[in-house]
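In: just coords:
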């Protein structure tokens, strides 16, 4: 890689520690850009963030660790008279850059048109930084472990708020409030689904109220120091139906087998298939999503535990293991843990109980 132009805000944060304005729904934030060359790097920021950028710890950054040849990180301020395109053009000319690579999955068509002439060749790449992010540094593992512990604590807390007549949105708010009171944030909007709503894997909470003999799916996670946790647990309110219990046991067995299969010498495909095989032998349908995904600064990132991923897993990766079964219009069951891969073993970070919980 002779040169790389980075636009993905998460990748910029990962490498430099710079954090801009959190992304809004449907709005792509461009508070910063990062240009990597052989021995130097340039961070371009809005004037709003020049003070934050000046105190970045370059020598302790993942940029320095992942690209040790990099000697400097220069901070460049973007202004109406000195926009990113103009600054890129000047740097490429001064540094005699012939080919400038860019993140093709993040750059928009309009941005491509604006940047394509900053160097003789503007060349697309895919997932260069995302692949580096798959294996976590100790500091990242520490933050994710802390977030997971807080998620476990929240699950214990939220059970005290489950009562007749409570709504899905009220429970979701209890989860978010718990995290805020503990100096954390939501890793993603909590999924709280009662009854037949639980059959929708990524359900958005409503004013639906909890009734007697109901089923509850809770999928949520804390975010600490920018790093996410992710966990799903089921709670039965009142007397569970025999079918629910049978489905729960089938999903739990599928997850147990997947966790026993999960090692650094196997691929995501093998792990995913091991859980699907268990469910296919039961009376319940298998899940319409992957078995799991990486978790870090993004709640969904590489690697994927899916039958479409032949790549071998490695030490230092953190992934979810979340099989489920969904009966359309009736109910859904999902059990999810966050798992750290070591060289010779796996460590289940999620500690919340998985035995059947009836309130």
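Out: In hand now; what should we look at? Note that the structure is a prediction, hence the values are computed from the model and not measured.

In: for the stretch 51-200 of the chain, which spans come out with low pLDDT?
Out: Nowhere does the stretch 51-200 of the chain drop to pLDDT under 70.

In: Equivalent analysis for the stretch 251-359 of the chain, please.
Out: If you take pLDDT under 70 as the line, the stretch 251-359 of the chain has no such spans.

In: domains in the chain, as residue ranges please.
Out: Domain ranges of the chain: 4-133, 138-348, per automatic domain parsing.

In: Residue 357: which of the ones you listed is closest?
Out: Nearest of the domains of the chain to residue 357, taken as C-beta to C-beta: domain 138-348 at 5.0 Å. (Glycine included, C-beta is placed from N, CA and C.)

In: Show me the residue at the heart of the protein, geometrically.
Out: The centre of the chain sits closest to residue 299, judged by C-alpha atoms, centre = their mean, with a distance of 1.5 Å.

In: Correct me if wrong: that one contacts residue 188.
Out: Yes: under the criterion of C-beta atoms under 8 Å, residue 299 makes contact with residue 188 at 4.8 Å.

In: Tell me which stretches of this structure form helices.
Out: 9-16, 50-54, 62-66, 84-94, 109-115, 128-133, 138-159, 168-181, 242-261, 268-280 (DSSP state H).

In: Need the contact partners of the last one.
Out: Residues from elsewhere that reach helix 268-280, judged by C-beta atoms under 8 Å, 6 or more residues apart in numbering: 250-251, 253-255, 257-258, 261-262, 285-287, 290-292, 303-311, 313, 321, 323, 325.

In: Now the buried members of those.
Out: 250-251, 253-255, 257-258, 261-262, 286-287, 290-292, 303-307, 309, 313, 321, 323, 325 (16 or more other C-beta atoms under 10 Å).

In: residue with max distance from the center of the chain?
Out: The chain, C-alpha atoms, centre = their mean, max distance from centroid: residue 94 (38.0 Å).

In: any idea how far residue 35 is from that one?
Out: Going from residue 94 to residue 35 by C-beta to C-beta, to the nearest Å gives 12 Å.

In: possible to save the domains of the chain as a markdown table with distance to residue 356?
Out: Shown next, in a markdown table, are the domains of the chain (distance: least, C-beta to C-beta, whole Å):
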| stretch | distance to residue 356 |
| --- | --- |
| domain 4-133 | 36 |
| domain 138-348 | 6 |
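
In: Identify, out of the ones you listed, the most deeply packed stretch.
Out: Burial of those is given as mean neighbour count (mean count of other C-beta atoms under 10 Å); domain 138-348 ranks first at a mean of 19.

In: can you give me the offset of that domain from its chain's centre?
Out: Domain 138-348 sits 13 Å away from the centroid of its parent chain (C-alpha atoms, centre = their mean, to the nearest Å).

In: Please apply the same query to stretch 82-89.
Out: In terms of C-alpha atoms, centre = their mean, the centre of stretch 82-89 is set 32 Å apart from its chain centre.

In: hmm, who's touching that stretch?
Out: Applying C-beta under 8 Å, 6+ apart, the set of residues contacting stretch 82-89 is 5, 33, 35, 42, 44, 76, 78, 100, 114-115, 117-119.

In: Next one: the residue farthest from the centre of the chain relative to residue 40, how far apart?
Out: Residue 94 is 11 Å from residue 40, by C-beta to C-beta.

In: Check residue 323 too.
Out: The value you get for residue 323 to residue 40, if C-beta to C-beta is used, is 47 Å.

In: re earlier: which neighbours do residue 299 and residue 188 share?
Out: Joint contacts of residue 299 and residue 188 (C-beta under 8 Å, 6+ apart) are 221, 228, 230.

In: Just send these back as a markdown table, with distance to residue 155 and pLDDT too.
Out: Conversion of the shared contacts of residue 299 and residue 188 to a markdown table gives the following (distance: C-beta to C-beta, whole Å; pLDDT from 0 to 100):
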| residue | distance to residue 155 | pLDDT |
| --- | --- | --- |
| 221 | 10 | 98 |
| 228 | 16 | 98 |
| 230 | 12 | 98 |
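
In: of all those residues, which comes closest to residue 72?
Out: residue 228 (31.1 Å).

In: Quick one: residues contacting the closest one.
Out: Residue 228 neighbours (C-beta under 8 Å, 6+ apart): 144, 147, 187-188, 221-222, 295-299.

In: how about a cut-off of 6 Å?
Out: Contact partners of residue 228, counting by C-beta atoms under 6 Å, 6 or more residues apart in numbering, are 187, 221, 295, 299.

In: so what's it closest to, chain neighbours aside?
Out: For residue 228, ignoring the flanking residues on the chain, the nearest one in space by C-beta to C-beta, 6 or more residues apart in numbering is residue 187 at 3.6 Å.

In: do you know how far that neighbour is from residue 125?
Out: Residue 187 is 28 Å from residue 125, where distance means C-beta to C-beta.

In: Also residue 236?
Out: According to C-beta to C-beta, residue 236 stands 48 Å off from residue 125.
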